[in-house]
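In: got a sequence here, can you model it:
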Amino acid sequence: MGNNMDLNYEMFCYQCEQTAGGKGCTKQGVCGKTPEIANLQDLLIYQIKGISCYAKVLVEQGQHVDKSIVSFVENSLFTTLTNVNFDADVHVQMLRESQRIKEQLQQTVGEISNHTAQTTYVLPETKAEMLKDAPMAGIMYDKELDPDIRSLRQTIVYGLKGISAYGHQARELGYYSDQVDDFYILALEAVTDDTLSVEDLIRWTMRTGDMAIQVMKKLDEANTEVYENPSPHPVNVIIKKG
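Out: Below is the predicted model of the structure:
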């Protein structure tokens, strides 16, 4: 099983500062991530891009996508962050749910203009078949893609993963931002759009930074309203045995 890299790596993950050689983990993650998990996570990101191509239609019509779908997209992004979830069975369940959601949205919105590989892909039933398909979701699958386009797309995706960590925690406390929720959808669709130029994607990258600020504001609001503003408290600093 490879990730369609030129050197036939079993996996390719470069999303944290711990990566092997400072470049990327190709046999097993320094964090403990296995090739199986890495490839299932690639496929999960691939699937939520397909979901977003359909969901974008609703956003453009002035609607907010059902919060259960947004929560799934957010949780999928969060799940793929370093050390968050290494359970293969959970990933398989989420992948199956992603296909159900995509088909549901396809029936809701009908034909879409941005037909991509992610929208037409049909997830197989078994984990073994999913892993067999996973290479097409790898970042180097399209070897002819402009390296700047590839880099900017990945920067946006990793920015969304960071946003999802804050958004997930805020949502757990009952808080969310419609602006951020819509942005998950719009940005994930944008990274599938072959008509966007380097300049277009730079603008999307800047918008991703803006959304990171927005979601941090929302998490701060959630924390202070649920737990109140932090204030100094006396603590016991006496050292005692045991």
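In: and the top helix by length along the chain, what does it pack against?
Out: Ranked by residue count, the top helix of the chain under DSSP state H comes out as helix 198-227. If you count contacts as 3 or more CB pairs under 8 Å, 6 or more residues apart in numbering; DSSP states H and E, helix 198-227 packs onto helix 147-172, helix 178-190. C-beta: built from backbone N, CA, C; applies to glycine.
In: so for Tyr121, which of the ones you listed sits nearest?
Out: Closest of the helices and strands packed on helix 198-227 to Tyr121 is helix 178-190, at 14.6 Å (criterion: CB to CB).
In: give the rounded mean pLDDT of that closest one.
Out: Helix 178-190 comes out with an average pLDDT of 98.
In: state the distance from the residue nearest to the spatial centre of the chain to Glu172.
Out: Centrality entry for the chain: nearest residue to the mean C-alpha point is Leu77, 2.8 Å, by CA atoms, centre = their mean. Using CB to CB, to the nearest Å, we find Leu77 at a distance of 15 Å from Glu172.
In: what do you get for Thr126?
Out: Counting by CB to CB, the separation of Thr126 from Glu172 is 32 Å.
In: how many neighbours does Ile48 have?
Out: 28 (other CB atoms under 10 Å).
In: cool, and Gln104?
Out: Gln104, neighbours per other CB under 10 Å, totals 14.
In: check what pLDDT Met5 gets.
Out: Met5 carries a pLDDT value of 49.
In: so where's this structure shaky on pLDDT?
Out: Applying pLDDT under 70 to the chain flags the ranges 1-7.
In: what about Glu97, distance to Cys25?
Out: Relative to Cys25, and taking CB to CB, Glu97 is found at 27 Å.
In: more crowded one of these two?
Out: Using other CB under 10 Å as the criterion, Glu97 and Cys25 rank with Cys25 on top: 23 against 16.
In: does Tyr9 really touch Thr26, like I thought?
Out: Yes. Here Tyr9 lies in contact with Thr26, judged by CB atoms under 8 Å, at a distance of 3.9 Å.
In: chain center to stretch 40-49, what's the gap?
Out: 8 Å (CA atoms, centre = their mean, to the nearest Å).
In: CA atoms of it as CSV?
Out: Extracted in CSV, the C-alpha atoms of stretch 40-49 (Å, rounded to 0.1, in the frame of the first residue of the first chain):
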residue,chain,number,x,y,z
LEU,A,40,-7.8,6.4,6.4
GLN,A,41,-7.4,10.0,7.5
ASP,A,42,-6.3,11.1,3.9
LEU,A,43,-9.5,9.4,2.6
LEU,A,44,-11.6,11.1,5.3
ILE,A,45,-10.4,14.6,4.3
TYR,A,46,-11.0,13.6,0.7
GLN,A,47,-14.6,12.7,1.6
ILE,A,48,-15.4,15.9,3.4
LYS,A,49,-14.1,17.9,0.4
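In: which residues touch it?
Out: With CB atoms under 8 Å, 6 or more residues apart in numbering as the test, stretch 40-49 has contacts from 3, 72-73, 76-77, 79-80, 88, 91-92, 94-95, 98-99, 102, 116, 118, 121, 123, 127, 130-131, 133-134, 136-139, 157, 188-189, 191-192.
In: and stretch 215-235, by the same measure?
Out: Ile163, Tyr166, Gly167, Gln169, Ala170, Leu173, Gly174, Tyr175, Tyr176, Ser177, Val180.
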